[in-house]
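Asks: no sequence for this one, just the structure:
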């Protein structure tokens, strides 16, 4: 109940009495020194520890991790760095626990690489790569052009009488909802029909080119995101054994 992660909880549950006098003495000394250090320097934080072994082994084998997996690895690295920083506060104070602390391998480089590239489990930062930033800038520009064309149409008295609702997105393309009986009055491509059949979703010819550009750019964006995830996964795989 006091452990900070599942792996530690499993170790605690499986604890058995030691039968060797030397082992008992060592364990008691470890506990005593841990207690003394916590009394002097406060307790280190183990919050944020997760078992990321499977993800790291997959990355080590050449697999690509998703954003959530990489963020969990970053969280573990931050926790490890915090534990090492905590030990450095008591530098000069020798401890039987030093072998345990010396085995911890923080990796601030990888931790920061992941955090700078990934904002959440669903979102990658524009700054993850210059190419991604450029693609997203082009997406915003092309989307803006498509919206401007549609807004002109929506504001036009000649067209307003045919429309049901304002501009919407349908399958990644800007369309206008048009009354079914007025379909022939709004030149463009029909993408869908409402369940009632009273509305058709038309992509006016004036925005087809801009919408096509957006779709191509969205495909390029996903390809670049996948490339960055592959790159970050390969770096995590290089450090897998040390982190585990």
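Replies: Everything's here; your move. Quantities reported herein were computed from a predicted structural model and do not represent experimental measurements. Numbers count the residues shown, from 1 in each chain.
Asks: quick check: residue 48 touching residue 79?
Replies: Yes: counting by Cβ atoms under 8 Å, residue 79 is a contact partner of residue 48 at 4.0 Å. For the C-beta atoms, the positions are set from N, CA and C on the backbone; glycine is no exception.
Asks: and the two? which has more neighbours close in?
Replies: Counted by other Cβ atoms under 10 Å, residue 48 and residue 79 do not tie: residue 79 has more neighbours, with 22 against 16.
Asks: hey, where'd the strands end up in this protein?
Replies: 168-170, 173-179, 188-193, 199-204 (DSSP state E).
Asks: what sits against the residue nearest to residue 139 when sequence neighbours are not counted?
Replies: Excluding the flanking residues, the one nearest residue 139 by Cβ to Cβ, 6 or more residues apart in numbering is residue 217, at 4.7 Å. Residue 217 sits next to 135, 138-139, 142 when contact means Cβ atoms under 8 Å, 6 or more residues apart in numbering.
Asks: same deal with residue 206?
Replies: Counting by Cβ under 8 Å, 6+ apart, residue 206 touches 149, 153, 188.
Asks: same check on residue 145?
Replies: By Cβ under 8 Å, 6+ apart, residue 145 lies in contact with 207, 210.
Asks: got the angle for the longest helix along the chain vs strand 199-204?
Replies: Counting by DSSP state H, the longest helix found in the chain is helix 205-238. Interaxial angle, helix 205-238 versus strand 199-204 (axes from the mean of the first three to the mean of the last three Cα atoms, to 10 degrees): 90 degrees.
Asks: next one: helix 205-238 to chain centre, how far?
Replies: Helix 205-238 sits 15 Å away from the centroid of its parent chain (Cα atoms, centre = their mean, to the nearest Å).
Asks: same check on stretch 104-120?
Replies: Averaging C-alpha positions (Cα atoms, centre = their mean) puts stretch 104-120 12 Å from its chain's average.
Asks: give me the contact list for that stretch.
Replies: 67, 70-71, 73-74, 77-78, 80-81, 83-84, 124-125, 127-129, 228, 232, 235-236, 239, 242-243.
Asks: please apply the same query to stretch 70-84.
Replies: Taking Cβ under 8 Å, 6+ apart as the rule, stretch 70-84 contacts 44-50, 52, 55-56, 65, 101, 104-108, 110-111, 114-115, 118, 120-121, 229, 232-233, 236, 243.
Asks: how far off centre is it?
Replies: Here stretch 70-84 is found 15 Å from its chain centre; the criterion is Cα atoms, centre = their mean.
Asks: mind listing what residue 126 touches?
Replies: By Cβ under 8 Å, 6+ apart, the neighbours of residue 126 are 132-133, 136.
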